[in-house]
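Undergrad: Got a sequence here, can you build the structure:
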Amino acid sequence: MIPHNGEKTRYSDHLRDSTPQADLVFMRDDVRNATIVMSDGGLPGLVASALVPGTLWLLPSTGTRRRAAAQAQAESLGIPIIEATPRHQPDEDRASFADNLRAAARAALERDTRRVVLPNHAGDDADAMYAVDSAVAEVLQGLIAEDDRAEIEFLTPLLDLTVHQVAELAADLNITPELCWWTPRFENLCDRADPDEERWLWEGALASVQRRNGVSPAALQPLKGP
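TA: This next block holds a predicted model:
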């Protein structure tokens, strides 16, 4: 993998030791200020925002349901939220991952911010990790080519965690699924592009973690919002 600054913020070893809190506290102190956290209103973005308090940066082209969830997450965490438009070709239907990274980095630089947090998780999928590392390297090289004084640090606190480990971390941080886009709270804002598979994935992982902790799966039912 291409090394980058985010590698120092991976936590799977601490999760396996069941003692994540000490390092999480260290990370909060280390990157509390001047940070942008990328999010699409899902659980990984919510966990990353809880780990690294900063400004929530909503991914461009995010639908109504995800946008409402991200806004609720930011309000719950007491952090600001911003949205930017990626610079990609007009004939492209959606921005690429690198486009979104580039847009987040520019949003950070415009606010004199030097850290961008990615909520991506890949577990032991080496190809997925490499794709993230490659996109980060591409964006960093492009930013330096535009301005050799540009300084951006990309952090990937969840990158080598599996879905189950992210769910474990959410439980350790006392995060509930209520604020994620796929909960009943936001069901009236359903967007055609929102995949049910993501909801099933996280509900299943969270239920498994709660069962392991002796909590009835029935207690996992998200609360409806007002």
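Undergrad: who does the helix or strand where residue 38 lies touch, helix- and strand-wise?
TA: In this assignment (DSSP states H and E), residue 38 forms part of strand 35-39. Other helices and strands packing on strand 35-39, by 3 or more CB pairs under 8 Å, 6 or more residues apart in numbering; DSSP states H and E, are helix 43-51, strand 55-58, helix 97-110, strand 115-117. For the C-beta atoms, the positions are set from N, CA and C on the backbone; glycine is no exception.
Undergrad: Off-centre distance for the shortest one?
TA: In this view, strand 115-117 has its centroid 10 Å away from the chain centroid, taken as CA atoms, centre = their mean, to the nearest Å.
Undergrad: Show me which positions of the very next helix or strand once past it end up buried.
TA: Per DSSP H and E, strand 115-117 leads on to helix 126-146 as the next helix or strand towards the C-terminus. Buried residues in helix 126-146, counted by 16 or more other CB atoms under 10 Å: 129, 131, 132, 133, 135, 136, 137, 138, 139, 140, 143.
Undergrad: which residues touch the last one?
TA: Applying CB atoms under 8 Å, 6 or more residues apart in numbering to residue 143 gives the contacts 102, 105, 109, 150, 152.
Undergrad: angle of the helix or strand where residue 169 lies against helix 43-51?
TA: Assigned by DSSP H and E, residue 169 belongs to helix 163-172. Per axes from the mean of the first three to the mean of the last three CA atoms, to 10 degrees, the angle that helix 163-172 makes with helix 43-51 is 40 degrees.
Undergrad: Which strands or helices does helix 163-172 pack on?
TA: helix 12-16, helix 43-51, helix 196-212.
Undergrad: Just want the angle from it to helix 196-212.
TA: Going by the same axes, to 10 degrees, helix 163-172 makes 60 degrees with helix 196-212.
Undergrad: Out of the helices and strands in this protein, which is least certain?
TA: Of all helical and strand segments in the chain, the minimum by mean pLDDT, DSSP states H and E falls on helix 12-16, at a mean of 33.
Undergrad: Quick check: the gap between residue 105 and residue 160.
TA: Applying CB to CB, to the nearest Å, the value for residue 105 to residue 160 is 22 Å.
Undergrad: ok, the two, which is more surrounded?
TA: Taking neighbours as other CB atoms under 10 Å, residue 105 and residue 160 compare with residue 105 leading, 24 against 20.
Undergrad: show me what contacts the closest residue to the more buried one other than its chain neighbours?
TA: Excluding the flanking residues, the one nearest residue 105 by CB to CB, 6 or more residues apart in numbering is residue 152, at 4.9 Å. Contacts for residue 152 (CB under 8 Å, 6+ apart) come out as 105, 108, 109, 114, 115, 116, 139, 140, 143.
Undergrad: switch the cut-off to 10 Å
TA: Applying CB atoms under 10 Å, 6 or more residues apart in numbering, one finds that residue 152 lies in contact with 5, 36, 101-102, 104-106, 108-109, 113-116, 136, 139-140, 143-144.
Undergrad: what pairs with the strand holding residue 38, and is each one parallel or antiparallel?
TA: Next to strand 35-39 in the sheet, as set by DSSP bridges, lie strand 55-58 (parallel), strand 115-117 (parallel).
Undergrad: and of those strands, who's closest to residue 47?
TA: strand 115-117 (10.6 Å; CB to CB).
Undergrad: Touching the closest one from outside, list them.
TA: Taking CB under 10 Å, 6+ apart as the rule, strand 115-117 contacts 5-6, 9, 30-39, 45, 48-49, 51-52, 54-57, 101, 104-105, 107-109, 136, 139, 151-158.
Undergrad: what do you get if the cut-off is 8 Å, keeping everything else the same?
TA: By CB under 8 Å, 6+ apart, strand 115-117 touches 31, 34-38, 48, 51-52, 54, 57, 101, 104-105, 108, 152-157.
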